[in-house]
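what's the 3D shape of this:
(one chain, ligands or ions: 1)
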Amino acid sequence: MKQQLETIFKNANEDLAKAASISDIEEIRGKYLSRKGEFNEIKKNLKNLSDEDKRIVGSLANEITQKLEASLKLKYDEFYHKELNEKLQKERIDITLPGKFTPEGKVHPLTSTTNEIVSIFQSLGFSVAPDRNSPEVETEYFNFDMLNVPKDHPARDVQDTFYTTIAPNVVLRSQTSGAQIHVMEEQKPPIRIVAPGRVYRNENINARKNNFFHQIEGLYVDKDITFGDLKGVLNEFIRIYFGASRPTRFRNSFFPFTEPSAEVDVQCIMCEGKGCRTCSGTGWLEILGCGMVDPNVLRGVGIDPEIYTGFAFGMGVERLAMLKYAIDDIRLFFNNDERFLNQF
Ligand code: DAH
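Numbering: from 1, shown residues only. Next comes the predicted model:
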């Protein structure tokens, strides 16, 4: 039996010498030292020996298995570190490499101005009209007819409005006012909405004019709405947007879809009212048109003007942004020059 033990120990050591990985070690451990391993098989037969032999062979068996355990552990540790190092080497990340530069995106100043204006009106109880009520491609019906614009009005001229080739009466909208008609055809009063969007005009481009720009339309229709409500809401908007110290004025005007009509001017930010190139020497800049919704417009969409009245307004987003940030050329908004855009 002693002989047997020595042989197994020798075999185990030979196997161990050939081992090349942790899994080889585990295999050897299983083969020799597990419950069904070769040493255990021997130990099971110890009971057949004399007490004396039991002691001698038993202690030899223990001694040998302890030795084998020790050398297995040694090898195991060696492979463990080797394999770990190989793995680390393979998965190595060089944290000193410079990162990839991702330029930071910014909200376009026209978008942030629109958002700001819309949220002011939301705080005053207005909600945003659904997109389908404010399309950029319109029929003359929404852009002009239903807004009481006469057939021979100069705004309808191709010199002012872009006509499409889709159909003779389909235009790129020249104002967001068509949204008023869409909303009133869908909704009954009380109505209190704003509709932001892009509009197109056949203009020669210069520092003050572009052939597309942005407007925010507003409409409030209910019983007993007066010009006082219009002034109250718009003055409150101006106070929040520009701050209390900016002088403003309401001026008489005319629009086919409002009666009476007005325009609102704010003092020129460039010259503080002294008169300059930006304000053509007047000291004032117009920011919006407004008025009481013309009874004809209400009747057209089936709202009884004897019961309901309303006010409407339309403001230029570029104008409002230019006046707040002292920008003197509208083209800056559309050139996508990062030196300009990054200032906001
Ligand atoms: N649509 C007009 C324009 O583009 C602005 C305007 C004026 C809108 C009076 C209105 C309004 O709603 O009541 O010049």
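
what's near enough to touch the residue of the stretch 151-300 of the chain found nearest the ligand?
Closest residue of the stretch 151-300 of the chain to the ligand, CB to the nearest ligand atom: residue 289 (2.6 Å). Placement of C-beta: from N, CA and C, glycine included. Residue 289 makes contacts with 253, 255, 258, 261-263, 313-315, as judged by CB atoms under 8 Å, 6 or more residues apart in numbering.

quick check, nearest of these to residue 344?
residue 315 (19.4 Å; CB to CB).

That closest one - nearest residue in space that isn't next to it in sequence?
Excluding the flanking residues, the one nearest residue 315 by CB to CB, 6 or more residues apart in numbering is residue 288, at 3.7 Å.

quick check, that neighbour in a helix?
No: according to DSSP: H, G, I helix; E, B strand; the rest coil, residue 288 belongs to no helix; its state is strand.

Surely it is in contact with residue 234?
Yes: the criterion here is CB atoms under 8 Å, and residue 288 meets it with residue 234 at 7.3 Å.

before we move on, back to that, in strands only, show me the contacts of residue 289.
253, 255, 258, 261-263, 313-315 (DSSP state E).

circling back to that earlier point, of the contacts of residue 289, which are in range of the ligand?
255, 258, 313-314 (CB under 6 Å from any ligand atom).

want to throw those into CSV with distance to residue 61, pLDDT and neighbour count?
Shown next, in CSV, are these (distance: CB to CB, whole Å; pLDDT from 0 to 100; neighbours: other CB atoms under 10 Å):
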residue, distance to residue 61, pLDDT, neighbour count
255, 109, 96, 21
258, 109, 98, 25
313, 101, 98, 26
314, 101, 98, 23
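
Adding distance to residue 27, write those out as a markdown table.
Output for these, formatted as a markdown table (distance: CB to CB, whole Å):
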| residue | distance to residue 27 |
| --- | --- |
| 255 | 92 |
| 258 | 92 |
| 313 | 85 |
| 314 | 84 |
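
partners of the residue of the stretch 151-300 of the chain closest to the ligand in the sheet?
Beta-bridge partners of residue 289, counted by DSSP bridges, are residue 263, residue 314.

Enumerate every residue touching the spatially most central residue of the chain.
By CA atoms, centre = their mean, the chain has its centre lying nearest to residue 107, at 9.2 Å. Residue 107 makes contacts with 115, 344, as judged by CB under 8 Å, 6+ apart.

and it, helix, strand or coil?
Assignment for residue 107 (three-state DSSP): coil.

got the residues of this protein near the ligand?
Residues of the chain lying near the ligand (CB under 6 Å from any ligand atom): 175, 177, 217, 255, 258, 289-291, 312-314.

neighbouring contacts of the helix or strand where residue 26 lies?
Residue 26 belongs to helix 22-33 when assigned by DSSP states H and E. Residues from elsewhere that reach helix 22-33 (CB under 8 Å, 6+ apart): 8, 12, 15-16, 18-19, 37-40, 65, 68-69, 72, 75-76, 79-80, 83.

swap the cut-off to 7 Å and go again
Around helix 22-33, the neighbours that count as contacts under CB atoms under 7 Å, 6 or more residues apart in numbering are 8, 12, 15-16, 19, 37-39, 65, 68-69, 72, 75-76, 79-80, 83.

again, but for stretch 174-181
129, 133-134, 138, 142-143, 146-147, 155, 160-161, 195, 197, 199-201, 215-217, 219, 257, 301, 312, 314.

Could you give the separation of it from the chain centroid?
Relative to its parent chain, stretch 174-181 has a centroid offset of 27 Å by CA atoms, centre = their mean, to the nearest Å.

Also stretch 3-15?
Remark: stretch 3-15 is offset 72 Å from the chain centroid, using CA atoms, centre = their mean.

Could you check that stretch and say which residues are buried?
5, 8-9, 12 (16 or more other CB atoms under 10 Å).

Quick check: longest helix in the protein by residues?
Ranked by residue count under DSSP state H, the longest helix found in the chain is helix 51-90.

pLDDT on it, on average?
Mean per-residue pLDDT for helix 51-90: 89.

Which is the succeeding secondary structure element to it?
Moving toward the C-terminus from helix 51-90, the next element (DSSP H and E) is helix 109-123.

Flag every buried residue along that next one.
For helix 109-123, by 16+ other CB under 10 Å, it's 109-110, 113-114, 117-118, 120-121.

JSON lines for those, including pLDDT?
Converted to JSON lines, these look like this (pLDDT from 0 to 100):
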{"residue": "109", "pLDDT": "96"}
{"residue": "110", "pLDDT": "96"}
{"residue": "113", "pLDDT": "97"}
{"residue": "114", "pLDDT": "97"}
{"residue": "117", "pLDDT": "98"}
{"residue": "118", "pLDDT": "98"}
{"residue": "120", "pLDDT": "98"}
{"residue": "121", "pLDDT": "98"}
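
From these, pick the one nearest residue 328.
residue 109 (14.0 Å).

So the closest residue to that closest one other than its chain neighbours versus residue 102, what's the distance?
Nearest in space to residue 109, with sequence neighbours left out and distances taken as CB to CB, 6+ apart, is residue 344 at 4.4 Å. From residue 344 across to residue 102, the span is 19 Å (CB to CB, to the nearest Å).
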